[in-house]
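Engineer: What follows is a predicted structure for the sequence shown.
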Amino acid sequence: MSDLIYQNYNNRCQGWSKPSSLVGPRIDYLSGYSSPAGSTTVVSINGINFFSYSTVLFGVYNPTVYFINSNQLQFYVPSTLNPGIYPIQVFNGSIPSNSVNYTIDTVLTSISFENIPAG
């Protein structure tokens, strides 16, 4: 009965009930939705029902999470990740949030104008 709460009304037991406060976290928006590959970017996750013990799943990675308040978490995007789309989810224990995509873009390192005819 670990998920149940005892309801005490004037010292008379009214029974046990499941708490309705087990609402999962929800991501409303991110501070940014992309960053270039090789960079270390701080992402703020804004939403509701975040706790100091909330964790973040970034693709298959579990970055260190910084609890700001019940409406905001932050984490650093690892600089070693390959370009691609990574889903982000927040977990309160085993209760997941919705998923929001984050893109790591390919870095353009140089542009060559050698074989472009003059016009």
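Structural biologist: Alright, I've got the coordinates. Numbering: from 1, shown residues only.
Engineer: hey, what's residue 45 bridged with?
Structural biologist: When bridges are taken as DSSP bridges, the partners of residue 45 come out as residue 30, residue 73.
Engineer: Isn't it up against residue 33?
Structural biologist: No - here residue 45 lies out of contact with residue 33, judged by CB atoms under 8 Å, at a distance of 11.4 Å. (C-beta placed from N, C-alpha, C; glycine too.)
Engineer: if you count what's nearby, which of those two comes out ahead?
Structural biologist: A direct count of neighbours by other CB atoms under 10 Å for residue 45 and residue 33 places residue 45 higher, at 26 against 13.
Engineer: Relative to residue 38, how far out is that one?
Structural biologist: 22 Å (CB to CB, to the nearest Å).
Engineer: Same question for residue 74.
Structural biologist: Going from residue 74 to residue 38 by CB to CB gives 20 Å.
Engineer: Compare the two (neighbour count), which wins?
Structural biologist: The residue with more neighbours, out of residue 74 and residue 38, is residue 74; 17 against 14, by other CB under 10 Å.
Engineer: what about the chain, any weak spots by pLDDT?
Structural biologist: Within the chain, the segments meeting pLDDT under 70 span 1-22, 108-119.
Engineer: Now do the strands in it.
Structural biologist: For the chain, applying DSSP state E gives strands covering 5-9, 12-17, 26-30, 34-36, 41-48, 55-58, 66-69, 72-77, 84-92, 95-96, 100-105.
Engineer: Give the buried residues for the fifth one.
Structural biologist: The neighbour-count check on strand 41-48 (16 or more other CB atoms under 10 Å) flags 41, 43, 45-47 as buried.
Engineer: I figured residue 86 was touching residue 99, is that so?
Structural biologist: No - counting by CB under 8 Å, residue 86 stays clear of residue 99, with 10.1 Å between them.
Engineer: Could you check which of those two is surrounded by more residues?
Structural biologist: The residue with the greater number of neighbours, taking residue 86 and residue 99 and applying other CB under 10 Å, is residue 86; the counts read 18 against 11.
Engineer: Contact partners for that one?
Structural biologist: Contacts were defined as CB atoms under 8 Å, 6 or more residues apart in numbering; by that measure residue 86 touches 58-59, 61, 101-104.
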